[in-house]
Structures are given as C-alpha cells and as structure tokens.
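Q: How does the following fold in three dimensions:
(chains A, B and C)
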Amino acid sequence: MKAASAGGLSRRGFLAGAGALVVSFSLLPRLASAREAAAADQALGKVAALPGSLKDAPLLDSWIRIDADGGITVFTGKVELGQGIKTALIQIAAEELVVEPRRINLVTADTSRTPDEGYTAGSQSMQMSGTAILNAAAQVRTLLFGMAATRFDVPAERLAAQDGVIRAADGRSVTYGELVTGEALHVAAQPRSALSDPGTRTVMGRAMQRVDIPPKVTGGASYVHDLRLPGMVHARVVRPPSYGARLATLATANVEKMPGFVKLVRDGSFVAVVARREYEAVSAMRALAHAAVWEEQPSLPAQSDLYAYIQRLPSQDTVISGGTAAPSFGAGTIAANYSRPYQMHAAIGPSCAVGLLQDGILTIWTHSQGVYPLRTAIAEMLRMPADQVRCIHMEGAGCYGHNGADDAAADAALIASALPGQPVRVQWMREDEHAWEPYGSAMVSSVKARVDAGGNVAEWQYDVWSNTHQTRPGPAGYLAPAWHLQMPFTPPPPKEVPQPAGGGDRNAIPLYKFPNARVIHHFIPTMPLRVSALRALGAYMNIFSIESFMDELARAAGVDAVDFRLRYLDDPRAREVIVSAARHFGWSRYQRQQGRGRGFAFARYKNVAAYVATAFEVEVERESGRVRVVRAVAAVDSGEAVNPDGMRNQIEGGILQSLSWSLYEAVTFDHIRITSSDWGSYPILRFQGLPDSVDVYVINRPGQPFLGTGEAAQGPTAAALANAVADATGARIRDLPLTPARVKAAIGI
Amino acid sequence: MITLDVNGRAHQIDADPATPLLYVLRDHLKLNGARFGCGLGQCGACTVMADGRAIFSCLTPISVLQGRPIKTVEGLGTIEDPGPMQQAFIEEQAAQCGYCIPGMMMRAQALLERNASPSRAEIRDHMTPNLCRCGTHMRILRAIERAARAMQSGTARGAGGSGR
Amino acid sequence: MAPKHIGIGILAALVLTAPCRVQAGPAIAPIDPPARSSFDPQSLAHGAQLAAIGNCNACHTAPGGKPYAGGRALTTPFGTIYGTNITPDPETGIGRWSEAAFSRAMREGLDRQGRHLYPAFPYDHFTKLSDEDVKSIYAFIMTRDPVRAETPPNALPFPFNIRALIGVWKGLFFERGIWQPDTGQSAEWNRGAYLAEGLGHCGACHTPRNALGAEKKREFFAGGEADGWHAPALNARSPSPVPWTAASLYAYLRTGVDDLHAVPAGSMVPVVHNLAAAPERDVRAIATYVAAVIGLPTPERQSQAQQLLEQTKRGEISVARVDTGTSKAPEDAAPDGAAIYAGACGICHDSGRTTSSGGALQLALSSAVALPTPRNLIYIIQQGILPTEHEPGRFMPGFDGALTSGQLAALVAYIRTDLGKAPAWQDVRAEVEKIMQEKQQ
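A: Below is the predicted model of the structure:
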C-alpha cells in the first residue's frame, strides 16, 4: 500500500493552469523549492520547459489513457530495439501510477497514435521518453488523487493507492477507471511533478523481467517479420548490383509463368516481383536476377588507399574546442594517427516491412527507428500527402542504428502502391542487407600532445576526418529505393550533427582537464560509400583514438594507465567508475603471464551521458596474431537505473559487439561493388572467440537523471582492447580492426 | 503433397519439394520460431531439429524430411507452460533483440538431448554455427547450462507442452 | 596386403637384408636452448617464410593446441603417429637440439639420440633442402615460444612400433641428397621444383604410395591420399574438367579462390592459409612447376573445356527445376537427387555469382566432382568448407544431420552424373556410410 503522494490540487486548478504551463501546486514540503522555482520563473515571464519529450507533446492523454474498466495504456514515441525500453517504460509508468506492471499496455511509435519523439537513437530514450512518462504518470496520479479527494471530500494525503484503486481510511474506494471520465486527462502537463521518492520505489530500480522475452522464446509473433495479414502476398526486390547501377534490360517472360506469380513492379531501375507464397517470391527473384542486365560504373575508391583518399576529399573544417591558434609543438611532443574502416550494422535479421494501400491510406508496418520522419520521406517519395501515410513500428532484429529498415519500408510502400487492397510483405535478403545498408563511416584521426618534464599533458590537439553519421530519412533522397526510380530522388547534401552530440566528432573533445586542448572536426560531405548512424557514431573511433593515446602517454611518462587518467578528471562520477572497474579487475595486483596483457579505457558518452570504464585481459597468439579477450570488466554509471539488469545487458552486449568490430570487421569493396556480401566475407564474433567472463558493475544513482546507456561501451572497449594488446606484445596497433595479420605484422617473427 | 511431422503432428504440405523447410514452417504452418537470417547456412537463425540433430531449415528441402520428426521452438513449450530450455532463457534474461534466440535454443536442445551435462567449452564449440549480433552470448551460455541442470534434475516445471 | 602380412614380410626382410639396412646414428650432444639474439634476423625472417611453405604448423600443432607443440594425430595404414613437439622446450620439445641435430633430422630422418624417425615426417623430401634453408628454418623454429607438452606415444601395432625396421625402409626407398637443378629448365621452374619437391613435400600426399608406405616414384604426382581425403593427380591425369594453368594454380594456392576448379578443402586448407604468408614469387614458382607437370591439355580436352566454360557462362548447366505441378508421393520413391540439389545446393551453387563475388563454385567445373572417388565430395557436403576462425573467406555450411545416408548418396550421385557429366561412381552409398561411421568414432 503506497501512501498518498503528491497532489491535492483540484482538477480545476490544473485546468486553470493549462494555458499557462506554469503552475505551482504541490503541498508537499519536498517540492517547496520547485514551487518557488516555478514562481520565480513566472515572475521573470519565463515559460518553464516541460521535462523530456513532454515539451513536444504536452497533453497528458497523449501519453496515458485510462479506460472505464481500468485498463491503462501508455504511449511512447520510442521503440523497442531489443534494448529493453518497453519494460523500462512500463516500470516507470507502473511506479508513478501505483499499478502492477502487468496492467499496463505500452504502445510504441505509431504515427496515428503516439507522440512524435523523432528517432529512437542516440541513447536518449530514457532521457526523453522515460522522463516524459515519469512526469506524465506522476501528474496523472496527482490528478487522480485530486479527483478522489473531491469525491470523498477527504484531503489527498489521507488517501492511498494500490494497483489502480484509491482508498480512503474509512474503507471507501474508487478505481482509476471510475474516476477518469471523458476528457479528464486531456490536460497539459506541468513543468514540475510530484515524483515518487526514489528511496521508496518498488518497481523502478528492480530487476523486472523483460515483457518481450517470453513470447520471443515460445514462438510468439514478435517482429514485423511475423506479421501475417489476410490476403498478404510476398515480394522480393531485385537489387541493383552496385550503387549507381542502371537496369539496361530485363527479360520478364519466364518469371511471369512461375508458380504463384502475382505481379512484376518496375519503376525505372527499381524491380520487384510479387508472389503468393514466400518461397515462390524468392525463386522468382532469383530467376529475375538472372534475366536482368545492369550497366555499372566504377565509382568506389581503392580499398588499399582508402584513408589517404578520404583525407584528399574536400572537407569543412571546424574548430570545435580550443582557440583558433594552433598550439606549438616542440620538444616532448608525442603524435599518433588512428584509422577505422567502414563497418556494418549487420543485423542478424535482414530488414523487412509490410505495406497496405487501402481506401487511399498507405499503412506501413516497419522496424524503422523513426516512424514520423519515415512517414514524411515515404510521402515525399510517393508524392502523397503525409496524412495519408501511416507508419506503425513493429520490432525487427537489433538494428544498432540506421540500417536497411527504412529502405525496406520504402520498398513496401512502392510495391503496395502497385497492388491496392493487398498487404505486401517485403523481406530483404542477406546480400541486400550487407551491400545496401548504410555503414559506419570510415574515419581517420590524428592526436598530438606535448608533455612537460613531469609527464603531464601541456598541449593537446586532436583532428578527426569523417563523413556524416546521419543520413536518416527525413528526405526521400535518403531512401535507397528512391534512387533507382524512373524519376529518382537524390540524397541531399549531408549535414553535420552539432555538438555536444556530434557525429564524426562525437566524443572528439576529451573529458580530461588539459590546460590547452584544441579539437578540429574535418567534415567530409562526399560519401564514397553509403553511410549513416551506427551505434555510438564517431564516439567509437574517437574514444578508441583518445584512450589509446592516453595509454601511449602514460607509458611514455612511466605512469600507471589508471592513475594517469585520474590525474585529469575532477568529476567524482567519472573517478568512481574508473576506480570501480580497476578494483573489480584487480588492476593493482595484476601479474602478467606469457602471451597476456591488460588494458584500460574510460569515457563519458558524448561527455554528457553514461560513464563507462573498461578493463580487459587479453591473450595474443604470437604465431597467428589471434587475439582473444580472456576477461572483461566494466563499470557503468547511467544515473538512475530503472532496470539495472537491462543496463548490464546493454553494456555486455556493447562490449561483445565492439570487440567484434574491433577484432574482425571491415567492409570490403572493389571499384564497383561492395564485396562483403555474406557472413563469410564479413565475419563477426562467434562463440569460439568469447571471453571467459564479462562482468559489468552498475553504479545506481536513484533520483539522478537518466543517462543513455546503449552506446556507451563501444569506444572504451576498442581502446581497452588495443591497450591490452600493446601490453601483451609491446606492439601498438592504431588501425582498426586488430586482425591477426595486423597483429602478427606488428609483433614480428 | 508431402507429409511432415512437426512437433509431433502430421501436416500435409502442398509445396514444391525443393522448398526449404524454413518457408514451410513460417508460410504454411505459421510458426514464428525458425527465422530467416541469411538463407545460406551461415548464421543459424533458422535452426530446428530433425531426427534429434540440429539443422539449417533454410537449406533443407522438405523433400528430405518425410518421416523424420521435426522439432521447433514451439515444440519445447508454450508461453503458459514453458519447457526447461525456454524457462532457462527467461530466468537468465538471455536475449536482447531476441531474433537469434529460437535458433540458439534448438541448437542447444540438440546438444543436451545427446550430452546431458556438457562443459562450457563443449557448449561453446557446439554453438559456433549460430550468430548473435547483440552480444548476448554469455547469457545464452548461462541459460544453456541452467537448462542442462534443470533437465538433469527433472525439476523443470511442466513437461513442456506438446506444441503445435 | 593386410598389415599383418606386411609385418611378417618386413621381419623377414630385416633378417635377409641386414647388410642393406640403414644404421641408426650416434647421439648428438644436447645443447642449452639457444638465445634469440644468437640468430641473424634475416635468417629468422627467411625461416618464417620457409616454414609457411613447409606447412610445419599443420602437422606439429594439435587442434586447438599451441603452435608447434605437437599432439596432432596422423592416421596411416600402419597405425596412428603423433606430430612431435618442435617448440624449443628443453624437456618436451627440441630445445636441446643443436643445428647439426636438426639438420640431420631433416636430411636423414634421425632424431638427436640417433633413432630413426618415422617417414610420416617427410625427410625424404626435406633431404633436398639447401644448407642455408635448413639453417634458416632452424633459426625460426628455435625462436618460437617454448611449450611444455609431452607428445602422446604413437599407436602403432607390432611390428611397426620397432623403429629399427625403418632402417630397412630407408634402405629400400630413401634417397638422400640436396636438390639438383635441371639446367634445361627455367629459373622459375627450378625454384618451383625445389620448393615443391623439397619443403612443400607435395608428393607426400599427391603421389601414390606402395604397400610399405613409400611414394611410388614412377607414379609421381599420380594422386594420393591424406587424412582420408583424396589428393588429386597433378600430372597429365589431372581430372579437373577445366585444365589447370600456372595462373589458376597460383590463384588457388595464394588466395584460395578459383572460380574454375576448386576451393581448398580438407588438408589443403592449412596449406593455402600458410602460403598466403610465403613470398609471392615462390608461390608463383610452385604453380609454374606443377602446371608443367600437369602439362598442356590435349586439343580435344581443351575444346571440351572451352565448351563447358561457354555453357556455364550462358547458364545452361541445368538447375534442376522440379516439376511443381505433379503431386509426387516421395515416400514411395527413392530420394530424388535433383530435388535435393535444387532445395539444398542450388541457392548458392546456381545463384549465377562466381566464388569471388560471394557465390559458390559451379559444380560442373568442380575438381571434387571429377575425382576417381566420391570421398572428397562427401566430406565437403557433410562438413562444409568454413573460413579460418573469424577471418574472411568462402563459407559453405555442412549438411551433416540434414541428409540421411540414402539422401546424401542420391545427391552425390546426381551431382556426379548430371552436373559433372561423368560416369557414376561405384558404391557411393557404402562410402557415405563409411564416412558417417568415421564421424561417430
């Protein structure tokens, strides 16, 4: 039984404030300062910002609806990517609404039903949606208590709630469903909420089992891939063999006679075949691919010359930190260059979408990370009004950023438009996903530091060259299928993502307190290969560079890697993750064995999000150059941990994925085509390569703002790995990935 | 017409005998567990069991499966009554996106039906054909070990439904 | 001849040929393991390249074991022999072997104590090495990480466990001596011959052996066996539908990708993996030499190959299109190889892409389909061909478990006759079952 919390303000008071957005209401002493703050804002004529995504969707019933029978629906503009967001949001709502989590039905992004929260990306779901729901739910609870107080003529603080029922001390009770009538929740949110006390939370901060796992392990329909609509037909696209390929001839007669053939869709060089049964569509696609003749141009650079090529391309150079004067590097300067190739999202389930054009409305079921921007792009591509397009999110396999999901949705849109009234399911093949998804940009960095006699950093300069890390639709020109239409759309010039988030320059500014740090972002608009957002964006490479270099500096100064970093950090939370990871690893008592070494790294994602420190032990096989992490330890601080196990899962996963990137992965290409077309040509981590253990320690800070966790481990992992290899072998490798050939070449015979 | 025994039930399938089992499971029988990952036998998302052996359903034509009992994740239990393997994966929260998980479970099931208490090294070796991109491997290993213990001691809840 | 009979024969030979036996040698004094600094870095680098060509780590490393630390089982008709620990560990490896001892082992097949070494260690090839090369290999081997690992004892039944009998074998079959160039041939041919005949010991697998396990010199490169796999003929009887050239041999050996013949499988996998680290010109030389031994194809064979290539390019090699209209009752019929091929293999092997673009070998061109025995094809279908762990490469999955023995036999037969257009193999079903049995053990 939870005691009455916040509120007591009458509904009328709320409504009176609805227009003004600034209202003070709380009767609890704890929030007196909030009331004062709000009053002060009012005096200044300032409109206080609504927390999280409430600022863009201020009505409470955009987020929470309560039915007459007490059923609670919570809406979010974010989507489940496998990061456990659905569960975490349910926990938040359940906590503040004082109901059992199972009562809550969470609806994720749907352009007809949920707020527009842009993309589920940048590890912002907890900050934006979590915060919005936290506050909206708290305010709904406050409202409900207020309504019950009126009904019972009893002060709100003498009421108690349990699982959707509010009770008075004398035993009278009323359900949420009975209280909420008509437009009761159709009110604007307030800037401040009477949030539950972090110290007494019973749902948030607990390891609640994820709501989506039971259906996933028992064959439940969980993904858009599982959607089956009556009359649904199956489509496959015959993808061009390279970006600029043009369809010269297509002999279609044989395909039309194949079993189950329904329709051939052709628009310029966009070719798709539709069949009754899925395998019939696959067979038809293969036959059609045989019968297609393409004109191709060599347009890709030489892979062996990639980094030099990138640095020769025109760039827009911005000093993002430090003055315009370049530091003078004289004696005592240490310098290093680092590189990172194109790398793939490589989702285990290739992209998929279902489209249906009916009664003038085009509905697309898609695993896109941003259904609202996607809707805009599809509407533009089809030259339709956006309000006649509806995009509904259903889960896909983990996407780790902008992969083929939006393009598959565009495929479905194009094909469904040619078959009105029939649901069309489009599934990408593995080769399609590998060759067509937008990659993480190839990047080059150079670091220079002058150290003084005491081995301290006196000057620091960091340069990073990169393409954009953001070509999400938005514009129809960012949908790959649109490039091949008879009336094609071309990608608009890419834009930079401004600091502090950054794109190629994400985490390029070191968190360390250096007396003089200059950071230059060389933004390269020309994209030889298709690129967009891949988990952590530029942070993966920038943290790899900075943390590898910090290690090189520490070695040169003869100082322990952990101590060296602590010298330059004041932030107690940064220091605590570092100390925690080192302690759990046993850093200070480590004994190096033959062929083994240890490495350390730290970063605060975007310098404003989660703190992560990693410590690894690796084993290097000299003859083959093969590296295996033996033991991985990490500490993470993401503010309040709504679902600590979910956080641990994200960090473990981030570590293993980043190890895969950092040890094995590089997209390959010749002058015309992408040649990484399957798991043979683009190997990723398998069970054989696993560490013996991965241990993640969560530092929970109840009451602190949520900080995004999902991408925070990528960069530190790469650096801790390279640092450990250097420790084990004496060989410093600065080019990702650390393939056996590279490691062997660095070690020597 | 080909008769397939899936999770103990016979199904008459009207499809080209060259059709890989995966498409019959999903498209004809509406079973979701076996998933399309690559269609090339390289990722294991499609893994099911036939005659107790783990196979790639994306590369096994139904013509070879007549008279050979096929088991999918739906045959390990239901959401109301999960079998020991499923329960173990739930307890260990061994999933992120979850797309690879049914394939993992079936490959693991094939191991445990022949080797009731494999070592971790044996499990890792056996699971190598299956890919996970989210990095859930450590939890998957723990879940398999947990399932092995549960199956050995017979303390698993329920017999694990008869499936569809 | 059964091994037992061979054994009795050898005992008899031992008695009768005492004067012709090669004697075991004197022991060579042990040394302290030499320091790395005592070796010239050039020699070390050269030795590394030579060890790559010699494929030393393949026989001297156990699966999942430390490099060169021994423990790998080699099955022979005479029993099982284990590759020895050749790391410079003083107790369990060769750390106490001087260069003279090492050289004697390579050239004469005697260990440091003077005992005969089993010719599974191909000193009948290594005897051809130059002094400089032996010296360089010694430098490389003695600077590897020492690993303490006892080599398992060989499992050889009587009388093959009597080392002294090797003396007889040597007397009959072993010719010592450094390689002598053929002045009538080019420098590249000679380099290739020196490497292939010496360090590369290609004939150890690709030349048939007699009942006593010695290579039949007169059937040089006529095809042999390794670990149950058939090692194809590399002479005029090379069975490949498209004749090999020096260029295609080079591509195969150096990159493991050759659209027109084969992808390395079985024992060739480590060979090709190692050759990637050898000097390019050496691999070219080996290719030149082997191409010369294969010789130029007859005009008839050349035109057949031409036709085949054109058919393949036009996509005329049939993809089995199963007649979808009929309702077959396959439970009554024998397994249909064509239907199995269409559903299991066609996805990759008829995708119209070449091996270098990620597709699979067109089987009409495949060497494995043209061999005198179905064994290699059966192994490949069962095990697949997987890239080196975590490295890029061709990836064919294995079908072990997916097909019953009858189905696999039908598939193999179909591939041979309908795609390979070659006369049916005998006893395919029996070979399939034998191979499936092997796996159980």
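
Q: Skipping adjacent residues, who's closest to A:S328 in space?
A: Setting aside the residues directly before and after it, A:S328 is nearest to A:E459 in space (Cβ to Cβ, 6 or more residues apart in numbering or on different chains), at 7.4 Å. Where C-beta positions appear, they are placed from N, C-alpha and C, glycine not excepted.

Q: In contact with residue 135: list those residues for me.
A: Just so you know, I chose chain A. By Cβ atoms under 8 Å, 6 or more residues apart in numbering or on different chains, the contact set of A:N135 is A:50-52, A:54, A:189, A:193, A:195.

Q: Chain B is the one I meant
A: A:652-657, A:660, A:685, B:96.

Q: hang on, it is in a helix, isn't it?
A: No: counting by DSSP: H, G, I helix; E, B strand; the rest coil, one finds B:G135 to be coil, located in no helix.

Q: if I pick the spatially most central residue of chain B, what's in contact with it?
A: Centroid-nearest residue in chain B: B:M106, 2.3 Å away (criterion: Cα atoms, centre = their mean). B:M106 makes contact with B:33-34, B:47-49, B:54, B:71-73, according to Cβ under 8 Å, 6+ apart.

Q: Try it again at 10 Å.
A: B:33-34, B:44, B:46-49, B:54-55, B:57, B:71-73, B:75-76, B:85, B:130 (Cβ atoms under 10 Å, 6 or more residues apart in numbering or on different chains).

Q: now do A:R535
A: Residues near A:R535 by Cβ under 10 Å, 6+ apart: A:121-123, A:343, A:345, A:398-401, A:440, A:653-654, A:657-658, A:661, A:710-711, A:713-714.

Q: The residue nearest to the centre of chain B: which element?
A: Per DSSP states H and E: B:M106 is located in helix B:101-114.

Q: Same question for C:A424.
A: Going by DSSP H and E, C:A424 is not part of any helix or strand.

Q: likewise the one 5 residues further on?
A: With secondary structure defined by DSSP H and E, C:R429 is part of helix C:428-440.

Q: Report the buried residues of that helix.
A: For helix C:428-440, a neighbour-count test (16 or more other Cβ atoms under 10 Å in any protein chain shown) marks C:428, C:431-432, C:435-436 as buried.

Q: For A:V203, state which of those residues is nearest.
A: C:M436 (55.3 Å; Cβ to Cβ).

Q: so how far is A:E547 from the closest one?
A: Distance, C:M436 to A:E547, using Cβ to Cβ, to the nearest Å: 52 Å.

Q: How about C:L172?
A: The gap separating C:L172 from A:E547 is 65 Å, by Cβ to Cβ.

Q: okay, the two: which has more neighbours?
A: Set side by side, C:L172 and A:E547 show more neighbours around A:E547, with 28 against 15, by other Cβ atoms under 10 Å in any protein chain shown.

Q: Now do the SS call for the more buried one.
A: Put simply, A:E547 is helix when judged by three-state DSSP.

Q: Could you list every helix and strand in contact with whichever strand or helix holds C:V269?
A: Under the criterion of DSSP H and E, C:V269 resides in helix C:268-275. Helices and strands touching helix C:268-275, by 3 or more Cβ pairs under 10 Å, 6 or more residues apart in numbering or on different chains; DSSP states H and E, are helix C:41-54, helix C:56-60, helix C:246-255, helix C:280-294.

Q: Could you look up the SS state of the residue of the stretch 1-150 of chain C found nearest chain B?
A: Nearest residue of the stretch 1-150 of chain C to chain B, counting by Cβ to the nearest Cβ: C:G64, 9.0 Å away. Counting by three-state DSSP, the backbone at C:G64 sits in coil.

Q: my guess is it meets A:Q688, correct?
A: Yes: counting by Cβ atoms under 10 Å, A:Q688 is a contact partner of C:G64 at 9.5 Å.

Q: shared neighbours of these two, anything?
A: If you check C:G64 and A:Q688 against Cβ under 10 Å, 6+ apart, the residues they both contact are B:121, B:125.

Q: Can you name the residues that contact the residue of chain C found nearest chain B?
A: Closest approach between chain C and chain B, counting by Cβ to the nearest Cβ: C:G343, at 2.4 Å. Neighbouring residues of C:G343 by Cβ under 10 Å, 6+ apart: A:279, B:16-21, B:59-64, C:320, C:322.

Q: three-state assignment of it?
A: Classification of C:G343 using three-state DSSP returns helix.

Q: Please determine how far it is located from B:K30.
A: 21 Å.

Q: which stretches of the chain aren't confidently modelled?
A: Just so you know, I chose chain A. For chain A, the stretches with pLDDT under 70 are A:1-47.

Q: actually chain C
A: Looking at chain C by pLDDT under 70, you get C:1-21, C:315-333, C:351-358, C:440-441.

Q: Spatially central residue in it, please.
A: C:S267 (4.4 Å).

Q: Please pick the buried ones from the contacts of B:G135.
A: Judged by 16+ other Cβ under 10 Å, buried ones among the contacts of B:G135: A:652-657, A:660, A:685, B:96.

Q: Which single one of these is nearest to chain C?
A: Of all the buried ones among the contacts of B:G135, A:L685 has the smallest distance to chain C: 7.4 Å, by Cβ to the nearest Cβ.

Q: and the closest one, what does it touch?
A: A:L685 is in contact with A:656-661, A:663-665, B:131-133, B:135, B:137, C:390, counting by Cβ under 10 Å, 6+ apart.

Q: now it, what's its secondary structure?
A: Using three-state DSSP, the secondary structure recorded for A:L685 is coil.

Q: A:I334 now?
A: Under three-state DSSP, A:I334 comes out as strand.

Q: Bridged to it, which residues?
A: Here A:I334 shows beta-bridge partners A:A449, assigned using DSSP bridges.

Q: need the residues of the stretch 351-500 of chain A near chain B, please.
A: A:352, A:367, A:395-400, A:425, A:427-431, A:433-434 (Cβ under 10 Å from any Cβ of the partner chain).

Q: Of those - the most surrounded one?
A: A:A397 (32 neighbours).

Q: Out of the buried ones among the contacts of B:G135, flag the one nearest to A:V389.
A: B:Q96 (30.3 Å).

Q: mind giving me the domain ranges of the chain?
A: In the absence of a named chain, chain A is used. Chain A breaks down by automatic domain parsing into domains covering A:2-204, A:224-296+A:345-436, A:443-469+A:504-747.

Q: look at chain C instead
A: By the assignment in automatic domain parsing, chain C contains the domains C:26-173, C:187-294, C:310-318+C:335-440.

Q: Now do the buried residues in stretch C:48-65.
A: Using 16+ other Cβ under 10 Å as the test for burial, stretch C:48-65 gives C:48-57, C:59-62, C:65.

Q: Please apply the same query to stretch A:107-117.
A: By 16+ other Cβ under 10 Å, the buried positions in stretch A:107-117 come out as A:107-111, A:114-117.

Q: From the chain's centroid, how far away is it?
A: Offset of stretch A:107-117 from its chain centre (Cα atoms, centre = their mean, to the nearest Å): 18 Å.

Q: go on, stretch A:690-700?
A: 21 Å.

Q: Would that stretch count as contacting chain B?
A: Yes: applying Cβ under 10 Å from any Cβ, one finds stretch A:690-700 in contact with chain B at A:690-696.

Q: Is there a quick ChimeraX command that grabs whichever of those residues are buried?
A: This is the ChimeraX syntax for the buried subset of the residues of stretch A:690-700 next to chain B, where burial follows 16+ other Cβ under 10 Å:
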select /A:690,691,694,695,696
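
Q: All the helices of chain B, in order from the start?
A: Counting by DSSP state H, one finds helices in chain B at the ranges B:21-23, B:84-91, B:101-114, B:120-127, B:137-153.
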